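*Asks:* For reference, the sequence and a predicted model appear below.
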Amino acid sequence: MSSDRTLPGPSPAEYALRRQRVLAALKQSVMIVPAGSLTTYANDCDNRYRPDGNFRYLTGFPEPGAILVLRPDAEYPVTMFVPARDAQQEVWTGRRHGPEGATQVHGADAAYPLELIADKLPALIDGCDTLYYSPWRHADLDARLSSILKTLRQKERFGRRAPHTIVEPGELLSEMRLTKTAEEVALLERACAISAEAHRAAMSVARPGVGEWEIQSEIERVFRQQGAAGPGYGTIVGSGANGCILHYVENESVVKDGELVLVDAGAEYGGYNGDITRTFPASGKFTAAQRAFYEIVHDALEQGLAAAKPGATIDGIHALTLKLLSQGLIELGLIKTSLDEALERELYLPYYMHRTSHWLGIDVHDAGRYRQLEASRPLTEGMVFTIEPGLYLQSGDETVPAELRGQAVRLEDNVVITATGARNLTRSVPVAADEVCALVGR
Ligand code: GLY
Ligand code: MN
Ligand code: MN
């Protein structure tokens, strides 16, 4: 398979190292990770293909339907089943690597066409006590494995041995994925830099009268032009009350003078994602009430960023954010109790209903536990996550001052924990009110 463009992504050596680490942890077990298949957009047209996050973590093999099998004590510890070369099919759906490409380009020790799975897979499972596999997500493979396990069990008296334990692969992989390597941080930095450039472009094309869809198209133009695969999630451009809808992706309203515009957009580059939100006035000028409202969220973002360091926790940053936003809501007159009572009774919930952070990486909401048993998990070097405080004042809420009704502010940066603190990967798009205003419409 040839192509004129080298796709960005982790190096072959990095992939090999990840697989080695998994193989070392598996001991007498086997892990099966399917890439997943195409999902349908309409009738017989498909969505853009995106491999399962665990598969993508372990191999750069780019075609749907492939299956990775890791078994440390096998003759070939890294085995792949991939779509066979097929000149006719390739005319319709694109070039294929075939088993040869899986071994020569993507580091498998052995590779077979998918048709050989019934022949080859049982021996890779036979003799293991534990099977790492995530059931109920790939019906065909579930059925295949169920049949293989049944046969192995029936043949135990002839010396076969079926696994008696099935373990979610995330048990191992999510922990590995949570701490990013230097290569991963570099890819995330690029994803974030492209995302930041797109946000600056979005601000520059914004003005009253522009369509939300036009701002979206400018963002996604920059993504592709800069070498990103595209948006890592549905781009959100919400003007006015649309900003109060957390997953607003229709982007179908015309931006009006006096409105705030909330843009949440991130590029996928080399398999890794940026996830940035900025909010700005359509006209380039905040009203006094909007500026005060904006500053509450901006202050929460800055203090959250300042709190991010080794030993701090995601829960701690969320608690700090709740405190700052609740204090702001008291100042706006929306909460009429003491701060302690507001926090105790969660009176902020109508205005701030989501969490402040999530892990960021191959998946926008990336793998990794947030708590260890009951305790908040201390942040350590290489963890990458978002900080995204927001306030949403619904248009139907008559307790909100009229000049702020139907307005929303969310601000979202992406940080990596370093040995001594944290590095903000998304600061190249301004967030200070005056700097934002200076960019809007320019
Ligand atoms: N854009 C998805 C999120 O902020 O979590
Ligand atoms: Mn986010
Ligand atoms: Mn976001």
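*Replies:* That came through fine. Numbering: from 1, shown residues only. Ligands and ions are numbered 1, 2, ... in the order given.

*Asks:* Skipping its backbone neighbours, what lies nearest Ala118 in space?
*Replies:* Using C-beta to C-beta, 6 or more residues apart in numbering and skipping residues adjacent in sequence, the residue nearest Ala118 is Arg144, 7.3 Å away. For the C-beta atoms, the positions are set from N, CA and C on the backbone; glycine is no exception.

*Asks:* From what I see, the one you found and Asp119 are in contact.
*Replies:* No. Using C-beta atoms under 8 Å, Arg144 is not in contact with Asp119; the gap is 11.8 Å.

*Asks:* and the gap between Ala342 and Gly240?
*Replies:* Counting by C-beta to C-beta, to the nearest Å, the separation of Ala342 from Gly240 is 27 Å.

*Asks:* Quick check: which element contains the residue nearest to Ala118?
*Replies:* Per DSSP states H and E: Arg144 is located in helix 139-154.

*Asks:* so what does that helix touch, helix or strand wise?
*Replies:* Secondary-structure packing of helix 139-154 (3 or more C-beta pairs under 8 Å, 6 or more residues apart in numbering; DSSP states H and E): strand 30-34, helix 117-125.

*Asks:* Neighbour count: Arg144 and Asp119, which is higher?
*Replies:* Arg144 (17 against 9; other C-beta atoms under 10 Å).

*Asks:* Spit out the contact partners of that one.
*Replies:* Ile117, Ala118, Leu121 (C-beta atoms under 8 Å, 6 or more residues apart in numbering).

*Asks:* mind pulling up the phi and psi values for the residue nearest to Ser29 when sequence neighbours are not counted?
*Replies:* Spatial nearest neighbour of Ser29, chain neighbours left out: Thr130 (3.9 Å); criterion: C-beta to C-beta, 6+ apart. The phi and psi values for Thr130, taken as degrees, to the nearest 10, are phi -130, psi 130.

*Asks:* any idea how far Arg71 is from Thr130?
*Replies:* Thr130 is 11 Å from Arg71, by C-beta to C-beta.

*Asks:* Pull up the overlap in contacts between these two.
*Replies:* In contact with both Thr130 and Arg71: Ser29, Val30, using C-beta under 8 Å, 6+ apart.

*Asks:* of the two, who's got more company?
*Replies:* Neighbour comparison, Thr130 and Arg71: the larger count goes to Arg71, with 22 against 16 (by other C-beta under 10 Å).

*Asks:* and the chain, which residues reach ligand 1?
*Replies:* Contact residues, the chain versus ligand 1 (C-beta under 6 Å from any ligand atom): Tyr233, Asp264, Asp275, His358, Val364, Glu388, Glu412.

*Asks:* ok, now which ones touch the fifth one?
*Replies:* Translated: Val364. Per C-beta under 8 Å, 6+ apart, neighbours of Val364: Gly232, Tyr233, Gly266, Asn273, Asp275, His358.

*Asks:* Quick check: which element contains it?
*Replies:* Counting by DSSP H and E, Val364 is part of no helix or strand.

*Asks:* do the same with the one 3 residues further on
*Replies:* In this assignment (DSSP H and E), Ala367 forms part of neither any helix nor any strand.

*Asks:* So what's the residue count around it?
*Replies:* Ala367, neighbours per other C-beta under 10 Å, totals 18.

*Asks:* Look up how far Leu320 lies from the closest residue to Glu175 other than its chain neighbours.
*Replies:* Among residues not flanking Glu175 along the chain, Gly368 sits closest, at 7.0 Å (C-beta to C-beta, 6+ apart). From Gly368 over to Leu320 the distance is 21 Å, taken as C-beta to C-beta.

*Asks:* So between these two, which is more surrounded?
*Replies:* Just comparing Gly368 and Leu320: by other C-beta under 10 Å the higher neighbour count belongs to Gly368, 23 against 18.

*Asks:* Show the pLDDT at Thr6.
*Replies:* Per-residue pLDDT puts Thr6 at 77.

*Asks:* How many neighbouring residues does it have?
*Replies:* 6.

*Asks:* which of the residues in stretch 174-190 are buried?
*Replies:* Ser174, Met176, Arg177, Leu178, Lys180, Glu183, Glu184, Val185, Leu187, Leu188, Glu189, Arg190 (16 or more other C-beta atoms under 10 Å).

*Asks:* Intersect those residues with the contacts of ligand 3.
*Replies:* Among the buried residues of stretch 174-190, proximity to ligand 3 is found for none (C-beta under 5 Å from the ion).

*Asks:* circling back to that earlier point, the residue nearest to Ser29 touches Ala25, doesn't it?
*Replies:* No. Counting by C-beta under 8 Å, no contact exists between Thr130 and Ala25, whose distance comes to 11.3 Å.

*Asks:* Contact partners for Leu411?
*Replies:* Thr277, Arg278, Thr279, Val297, His298, Leu301, Glu388, Pro389, Gly390, Val431.

*Asks:* so the residue lying closest to it once chain neighbours are set aside is in which element?
*Replies:* Excluding its sequence neighbours, the residue lying closest to Leu411 (C-beta to C-beta, 6+ apart) is Leu301, at 4.5 Å. If you go by DSSP H and E, Leu301 is part of helix 288-307.

*Asks:* One more: Arg21?
*Replies:* Short version, using DSSP H and E: Arg21 is in helix 12-26.

*Asks:* re the thing from before, filter the residues of the chain next to ligand 1 down to the ones in strands?
*Replies:* Asp264 (DSSP state E).

*Asks:* could I get the residues of the chain next to ligand 1 as TSV with pLDDT?
*Replies:* Listed next are the residues of the chain next to ligand 1 as TSV, based on pLDDT from 0 to 100:
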residue	pLDDT
Tyr233	98
Asp264	99
Asp275	99
His358	98
Val364	98
Glu388	99
Glu412	99
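
*Asks:* Pro378 versus the residue nearest to Thr380 when sequence neighbours are not counted, what's the distance?
*Replies:* Excluding its sequence neighbours, the residue lying closest to Thr380 (C-beta to C-beta, 6+ apart) is Pro310, at 5.8 Å. According to C-beta to C-beta, Pro310 and Pro378 sit 7 Å apart.

*Asks:* Can you check my assumption that Thr279 lies in a helix?
*Replies:* No. Going by DSSP: H, G, I helix; E, B strand; the rest coil, the assignment for Thr279 is strand, not a helix.

*Asks:* Tell me what it is bridged to.
*Replies:* Residues in a beta bridge with Thr279, per DSSP bridges, are Leu262.

*Asks:* For the closest residue to Ala24 other than its chain neighbours, give me the pLDDT.
*Replies:* The shortest distance from Ala24 to any non-neighbouring residue, by C-beta to C-beta, 6+ apart, is to Pro72 (7.2 Å). For Pro72, the pLDDT comes out at 98.
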